[in-house]
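J.: here is the input, now give the coordinates:
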Amino acid sequence: MRWWCGTCRPGDMIRVKLGPVWHYGVYASDDEVIAFGLPPWPAPPPPETVRVVATDIDVFACGQMVEQAVFGFLEKRRRVPPEESIRRARARLGEGGYDLLNNNCEHFARACVLGTHESEQVRKALGRDPMSREGEKK
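T.: Next up is the predicted model:
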């Protein structure tokens, strides 16, 4: 998967860089971005208060550049149709259970758009990303 700054389309998985972390969501329109929590800026809220919410693109972006996912061949095969991605995201509005390592905004967006409960950000942070070990001596 690559990321690109361009015009978002309904059903896109999007992200914005906020300090050291990325915040992810599902784009429905400029008036509706669905994400697991509002952007954690300037500091993350207590996990028990975080819910899946809908906001507009300006609130989601926090003044930063928004990137959308550009999928590779295998990801395109797993990709849920855009209208289904939005339906899945809307169905989870109000849901709680946020957990930084096991159920965060990236897990949410990937589940809605790709049908997988994963977080590349967490894998990298925990040193479980095979790409992060390139060049290491064994």
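
J.: mind listing what the spatially most central residue of the chain touches?
T.: Among the residues of the chain, residue 24 comes closest to the average C-alpha position under C-alpha atoms, centre = their mean, at 2.5 Å. In this structure, residue 24 makes contact with 13, 14, 15, 35, 36, 105, 106, 108, 109, 110, judged by C-beta atoms under 8 Å, 6 or more residues apart in numbering. C-betas here are computed from N, CA, C, even on glycine.

J.: before we move on, what about residue 45?
T.: Taking C-beta under 8 Å, 6+ apart as the definition of contact, the neighbours of residue 45 are 37, 38.

J.: least trustworthy helix or strand in this structure by mean pLDDT?
T.: Confidence across the helices and strands of the chain bottoms out at helix 120-125, with a mean of 84, counting by mean pLDDT, DSSP states H and E.

J.: quick one: the strands in this structure?
T.: Using DSSP state E, the strands found in the chain span residues 2-4, 13-18, 21-29, 32-36, 52-55, 66-70.

J.: and the longest one, how far from the chain's centre?
T.: Read it as strand 21-29. Relative to its chain's centre, strand 21-29 lies at 5 Å (C-alpha atoms, centre = their mean, to the nearest Å).

J.: quick one: strands adjacent to it?
T.: Note on strand 21-29: by DSSP bridges, its sheet partners are strand 13-18 (antiparallel), strand 32-36 (antiparallel).

J.: how about the fifth one?
T.: Sheet partners assigned to strand 52-55 using DSSP bridges are listed as strand 32-36 (antiparallel).
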